[in-house]
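Enquirer: Give me a model of this one.
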Amino acid sequence: MELSFGFGTRDDGSLQLLWEDGERVFCRGWHLDPDGTRKPVLAALPAAEHPRHSILDSFAHEYGLTDELEGTWALRPLELVREGGQTMLVLEDPGGELLARRLGGPMEPGSFLRVAIGIALALGKVHQRGLIHKDIKPANILVNGETGEVRLTGFGIASRLS
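Expert: Sure, this is the predicted structure:
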């Protein structure tokens, strides 16, 4: 099933639910490029059927930072979709899972250090761009277990340094 804004679902018509953090639900789907290529993307949707204005404002704010976020250290917004009474923030999908889902038990030291260094490097890039994230938590850190890469998300309340 393909929706009019170029975001699609799996062949069975459903989005793949990845995680929910109380305010947002993250799903995996695909984005249809102008040349017809299907590219995997993440979609952040409000968790509530009737979301607070603050969550919708945070999606718009994060989308407004698109030009300042790089895909090497952040989940870059691709599109802010408002259709059929729903708002969805479509993000690049580099693969991986939230750190919050990986924290169920002890991490081996090498894995812990790779993640910690990745977080520090990503935060350094945020600050180099003149931004303060203001919501660093495991639910806003995406870790690719295969590559060890770390990307930040949840820039909905980030601010610019003066």
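
Enquirer: and the nearest residue to Leu103 once chain neighbours are set aside, what does it touch?
Expert: Of all residues not flanking Leu103 in the chain, Pro138 sits nearest, at 5.8 Å (CB to CB, 6 or more residues apart in numbering). C-beta here means a position set from N, CA and C on the backbone, and glycine is covered the same way. Contacts for Pro138 (CB atoms under 8 Å, 6 or more residues apart in numbering) come out as Leu98, Leu99, Ala100, Arg102, Leu103.

Enquirer: now Gly71
Expert: Glu92, Pro94, Arg151.

Enquirer: repeat that for 7 Å
Expert: If you count contacts by CB atoms under 7 Å, 6 or more residues apart in numbering, Gly71 has them with Glu92, Pro94.

Enquirer: and what of the one 4 residues further on?
Expert: When contacts are counted by CB under 7 Å, 6+ apart, Leu75 is found next to Leu42, Leu91, Glu92, Leu142, Arg151, Thr153.

Enquirer: So which of those residues sit within strands?
Expert: Among the contacts of Leu75, the residues falling in strands (DSSP state E) are Leu42, Leu91, Glu92, Leu142, Arg151.

Enquirer: separation between Thr66 and Leu78?
Expert: Using CB to CB, to the nearest Å, we find Thr66 at a distance of 8 Å from Leu78.

Enquirer: So which of those two has more stuff around it?
Expert: Relative neighbour count places Leu78 above the other of Thr66 and Leu78, with 20 against 15, counting by other CB atoms under 10 Å.

Enquirer: what's the closest non-adjacent residue to the more buried one?
Expert: Nearest to Leu78 is Val90, by CB to CB, 6+ apart, at 4.7 Å.

Enquirer: how deep is that neighbour tucked in, by neighbour count?
Expert: 20.

Enquirer: Then the one 3 residues further on?
Expert: When neighbours are counted by other CB under 10 Å, Asp93 registers 20.
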